[in-house]
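**Q** got a sequence here, can you model it:
(one chain, ligands or ions: 1)
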Amino acid sequence: MSDLNQDQWFTEVFDSHGSAFALRISEKLLDVQSDYQHLEVYATETYGNLMVLDGCVMLTDRDNFLYHEMIAHPALFTHEDPKRVVIIGGGDCGTLKEVLRHEGVEKVTQIDIDEEVTKAAERFFPSLVESNNDPRAELLFADGVKWVDDAEDESIDVLIIDSTDPVGPAEGLFKTDFLKRCHRILKPGGVLVQQSESPLYHSGSIIRELRSDMQAAGFESVATLPFPQPVYPSGWWSVTLAGKGASVERFREEAATGHEMPLQYYTVEAHRGALALPPFMRAAFA
Ligand code: SAM
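**A** Predicted structure coming up:
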């Protein structure tokens, strides 16, 4: 649910949790109904540009680095030697940019269902698309569920599910059956990572179910990493990693320290800290 009221605030209401998040808007820059979703872009007074899909905040200039670094780097530093990476969703291209920072990565394919999202990023979020011309990047516009179905067995090192919430076009991306098909296309030692909603609001529901679905799909190791995300429901978000014959509780700490990537949030300590789950989350997952 959203509303741009007379005082020029964009407000996203989380009815089920009796809370809301609002940003003061200076201008509406885009309003498009695509074949899949309602896409809006606003200029805000203090968070830069804001992208909204079906009334839900997707990202702002000011804080998207938190989400994009945490969906990309923990998974890439967990895999022993990631060369072939696939991103399902992620049409704003921020995750793609983070993945391409890893020099060992040979090819990244991004499959978003909606080309309008990428067009909007090109116009209004130029810093997110700045690596799109990297020869290792391939951008496809198709249904990620179908793409995974058609992919070869054991062909991917890291699979990143950077989707919208589990309603509308992204619903299929949160189903056990889909995770089984993801497991099939990962090489042994492969790592899957999926954005997994709010630790505060969803530990006992969506995240718990996702973790058990991942285990049911054949992943032996699962880890949920919380991190701050001011513009998402509750201000706190998570990614959940799953390993195919590989532990996702450990990562390449030396590589995660010795790189020269200009990161703003991800560090070895942040990764270790995220792996140390708060007791209430441990209890919810037990
Ligand atoms: N950071 C965001 C969040 O967690 O709210 C997600 C960002 S990204 C913009 C989400 C993308 O997932 C959207 O561009 C949407 O088009 C895409 N998406 C949703 N369902 C999809 C599907 N079945 N296949 C591929 N992409 C999908």
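**Q** just checking, residue 55 touches residue 21?
**A** No: look at residue 55 against residue 21 with CB atoms under 8 Å: they stay out of range, at 11.9 Å. Using the backbone N, CA and C atoms, a C-beta is placed for each residue, glycine as well.
**Q** quick one: common contacting residues for the two?
**A** Residues touching both residue 55 and residue 21 comprise residue 12, with contact defined as CB atoms under 8 Å, 6 or more residues apart in numbering.
**Q** which strands or helices does the helix or strand harbouring residue 211 pack on?
**A** Following DSSP states H and E, one finds residue 211 within helix 208-216. Judged by 3 or more CB pairs under 8 Å, 6 or more residues apart in numbering; DSSP states H and E, helix 208-216 is in contact with helix 176-185, strand 221-228, strand 236-243, helix 279-285.
**Q** in JSON lines: those, plus distance to residue 158.
**A** Formatted as JSON lines, these follow (distance: least, CB to CB, whole Å):
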{"stretch": "helix 176-185", "distance to residue 158": "11"}
{"stretch": "strand 221-228", "distance to residue 158": "14"}
{"stretch": "strand 236-243", "distance to residue 158": "10"}
{"stretch": "helix 279-285", "distance to residue 158": "23"}
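**Q** would you single out the least confident of those?
**A** Mean pLDDT values for the helices and strands packed on helix 208-216 show the minimum at helix 176-185, a mean of 94.
**Q** returning to that earlier point: the helix holding residue 211 and the ligand in contact?
**A** No: figure legend: helix 208-216 not in contact with the ligand (CB under 6 Å from any ligand atom); closest approach 13.4 Å.
**Q** buried stuff in that helix?
**A** Neighbour-count burial for helix 208-216 flags 208, 210, 211, 213, 214 (criterion: 16 or more other CB atoms under 10 Å).
**Q** okay but the last one is in contact with residue 243, surely?
**A** No: with contact defined as CB under 8 Å, residue 214 does not count as touching residue 243 (9.4 Å).
**Q** that older thread, need the helices and strands packed on helix 208-216 in TSV (columns: mean neighbour count).
**A** Shown next, in TSV, are those (neighbours: other CB atoms under 10 Å):
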stretch	mean neighbour count
helix 176-185	19
strand 221-228	20
strand 236-243	24
helix 279-285	13
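**Q** among the ones you listed, which comes closest to the ligand?
**A** Closest to the ligand of those, according to CB to the nearest ligand atom: strand 236-243, at 7.3 Å.
**Q** helices or strands up against that closest one?
**A** Right, strand 236-243 is packed against helix 64-78, strand 186-195, helix 199-202, helix 208-216, strand 221-228 by 3+ CB pairs under 8 Å, 6+ apart.
**Q** export these to JSON lines and tack on distance to residue 106?
**A** Converted to JSON lines, these look like this (distance: least, CB to CB, whole Å):
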{"stretch": "helix 64-78", "distance to residue 106": "13"}
{"stretch": "strand 186-195", "distance to residue 106": "13"}
{"stretch": "helix 199-202", "distance to residue 106": "34"}
{"stretch": "helix 208-216", "distance to residue 106": "26"}
{"stretch": "strand 221-228", "distance to residue 106": "25"}
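**Q** select, out of the ones you listed, the one closest to residue 286.
**A** Residue 286 lies closest to helix 208-216 among those, at 9.4 Å (CB to CB).
**Q** relative to strand 236-243, how tilted is the closest one?
**A** 10 degrees (axes from the mean of the first three to the mean of the last three CA atoms, to 10 degrees).
**Q** how far out from the middle of the chain is helix 208-216?
**A** Computed by CA atoms, centre = their mean, to the nearest Å, the chain-centroid distance of helix 208-216 equals 17 Å.
**Q** ditto for stretch 147-165
**A** The chain centre lies 13 Å from the centre of stretch 147-165; the measure is CA atoms, centre = their mean.
**Q** equivalent analysis for stretch 240-254, please.
**A** 17 Å.
**Q** can you tell me what sits against it?
**A** 74-75, 77-80, 179, 183, 186-194, 196, 207, 210-211, 214, 217-225, 268, 271-272, 275.
**Q** buried stuff in it?
**A** Quick answer for stretch 240-254 (16+ other CB under 10 Å): 240, 241, 242, 243, 244, 246, 248, 251.
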